[in-house]
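*Asks:* The following comprises the amino acid sequence and a computationally predicted model.
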Amino acid sequence: MTVAVTGAARGIGRATAEAFARAGRAVAIGDLDLDEAERAAQAIGPSAIALPLDVRDRGSFAVFLDEAEERLGPLEVLVNNAGIMSIGAFVDEDDETSRRMLEINAYGVLVGSRLAATRMAARRAGHIVNVASTAGRVGFSGGATYCATKFFVVGLSEALHAELRDSGVRVSCILPGLVDTELVAGLRVPRFVRATRPEAVAEAIVEAVRRNRFETFVPRAMGGASRLTALFPRRMVERAGRAVGAERALFDHDRAARRAYDERVKQEAE
C-alpha cells in the first residue's frame, strides 16, 4: 500500500517519508523542489519515489496522486505536510506573501484532502493526515496569516473527521510545537522552550495512523498545556505570555539567519 507525503523533500515531510518506509510502506515524496525530493528518495531506498508537486494547483496534485498509485499501488495514506511560514507585522505583510501562505498551507490541504477522500471512499479505506501546528490553537503576534492557515487546517480536519467517519476514511490532525527545521530559522524563543526533532513528529504521524488517533500534539505535553490554558481567563494567559517573551518570539528574530529560507520559499513559489 502507498503513502503519499507532500512537502517531503525536507524537514518533517522527509522524516515522515523515512518513518513510513521503515514501517514497510511504499512512499511517494511530493515537492516543488524535485531535485531535493529525488535526493531524499535515493537516500530512503527502493521503496520511495520522488514526484513533482505544486499543492496550489489541483491538476498537479491529481497527477501526483495518479502517478503515485500507478507506480506504487492504491493510496493508503496521504500526509498533507507542505507548509511555509512568513513572519512579521500583519500590516507590513504584502498581499503576495499572504496569498502564498493561504494557497500552500490552507488550499493545498483542502484540495489534497478532497482528492484523497474521493479515492479512498470509493474503496472504503484510507487515512488522511493533516499537519497543523499548535499555532492552530493559539494565535501569535507576528504570525497572523500563518496562524490563520493552521486554524483552518484544524477546523477542516475536525469537520472531515465527523463527515467521513462512516465512509471508511480516517482523519488525523497533528499539532507540533516548535520543530527544529528551516521554518523556525532565526527565531529567538524563550530559553525554556526546546525545539522538537522532525523525527519525533514523523513517529507521531505513523503512530496516529496505526492507532487511528484523531488529534496528536508533539510533544504530547503541549496538549495538556493547551487544555490547561483554555481554563484560565484570556487576560491572565496574555499576561503570562508577555512575562516569558512569547508575544515577541516571532518579531524578535534574526533576519540574516532567516534570509535563506525566505528567499528559497519565494523563489520556489514563483
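*Replies:* Structure's in. What do you need?
*Asks:* By mean pLDDT, flag the weakest helix or strand of the protein.
*Replies:* The weakest-scoring helix or strand in the chain, judged by mean pLDDT, DSSP states H and E, is helix 234-244 (a mean of 59).
*Asks:* And the helix or strand just after that helix, what's buried?
*Replies:* Downstream of helix 234-244, the first helix or strand assigned by DSSP states H and E is helix 255-269. Going by neighbour count (16 or more other Cβ atoms under 10 Å), the buried part of helix 255-269 is 258, 261-262, 265, 269. Placement of C-beta: from N, CA and C, glycine included.
*Asks:* What of stretch 61-72?
*Replies:* In stretch 61-72, counting by 16+ other Cβ under 10 Å, buried: 61, 64-65, 67-68, 72.
*Asks:* Let me have the buried residues of helix 255-269 in a markdown table, adding pLDDT and distance to A125 as columns.
*Replies:* Shown next, in a markdown table, are the buried residues of helix 255-269 (pLDDT from 0 to 100; distance: Cβ to Cβ, whole Å):
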| residue | pLDDT | distance to A125 |
| --- | --- | --- |
| R258 | 88 | 42 |
| Y261 | 88 | 38 |
| D262 | 86 | 40 |
| V265 | 85 | 35 |
| A269 | 68 | 34 |
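*Asks:* Now render those as JSON lines, adding distance to A116.
*Replies:* Output for the buried residues of helix 255-269, formatted as JSON lines (distance: Cβ to Cβ, whole Å):
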{"residue": "R258", "distance to A116": "32"}
{"residue": "Y261", "distance to A116": "28"}
{"residue": "D262", "distance to A116": "30"}
{"residue": "V265", "distance to A116": "25"}
{"residue": "A269", "distance to A116": "23"}
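*Asks:* and which of these is nearest to G30?
*Replies:* Nearest to G30 among those: A269, at 15.0 Å, using Cβ to Cβ.
*Asks:* Helix or strand: which one has E69?
*Replies:* E69 belongs to helix 58-72, assigned by DSSP H and E.
*Asks:* Listing partners with orientation, what would you give for whatever helix or strand comes next after that helix?
*Replies:* Scanning forward in sequence from helix 58-72 by DSSP H and E, the next helix or strand is strand 75-80. In the sheet, strand 75-80 lines up against strand 2-6 (parallel), strand 126-131 (parallel) (DSSP bridges).
*Asks:* now strand 75-80 and helix 58-72, what's the angle there?
*Replies:* Going by axes from the mean of the first three to the mean of the last three Cα atoms, to 10 degrees, strand 75-80 is angled at 140 degrees with respect to helix 58-72.
*Asks:* can you give me the helices in the stretch 101-250 of the chain?
*Replies:* Ranges of helices within the stretch 101-250 of the chain are 108-123, 144-163, 198-211, 221-229, 234-244, based on DSSP state H, counting those that start in this stretch.
*Asks:* Ok, which of the ones you listed comes nearest V27?
*Replies:* The nearest among these, by Cβ to Cβ, is helix 198-211 at 11.3 Å.
*Asks:* what's near enough to touch the residue lying closest to R119 once chain neighbours are set aside?
*Replies:* In space, and not counting its chain neighbours, R119 is closest to L75: 5.6 Å by Cβ to Cβ, 6 or more residues apart in numbering. L75 makes contacts with 1-2, 4, 65, 68-69, 116, 119-120, 126, as judged by Cβ atoms under 8 Å, 6 or more residues apart in numbering.
*Asks:* Bridged to L75, which residues?
*Replies:* If you apply DSSP bridges, the partners that L75 bridges to are T2.
*Asks:* Could you measure from it over to D180?
*Replies:* Distance of L75 to D180, given as Cβ to Cβ, to the nearest Å: 30 Å.
*Asks:* any idea which of the strands paired with strand 75-80 is most buried?
*Replies:* Ranked by mean neighbour count under mean count of other Cβ atoms under 10 Å, these are led by strand 2-6, which reaches a mean of 29.
*Asks:* For the contacts of L75, could you give me CSV that also reports pLDDT?
*Replies:* Shown next, in CSV, are the contacts of L75 (pLDDT from 0 to 100):
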residue, pLDDT
M1, 82
T2, 97
A4, 98
L65, 98
A68, 98
E69, 98
A116, 98
R119, 97
M120, 98
G126, 98
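*Asks:* Cheers, nothing more for now.
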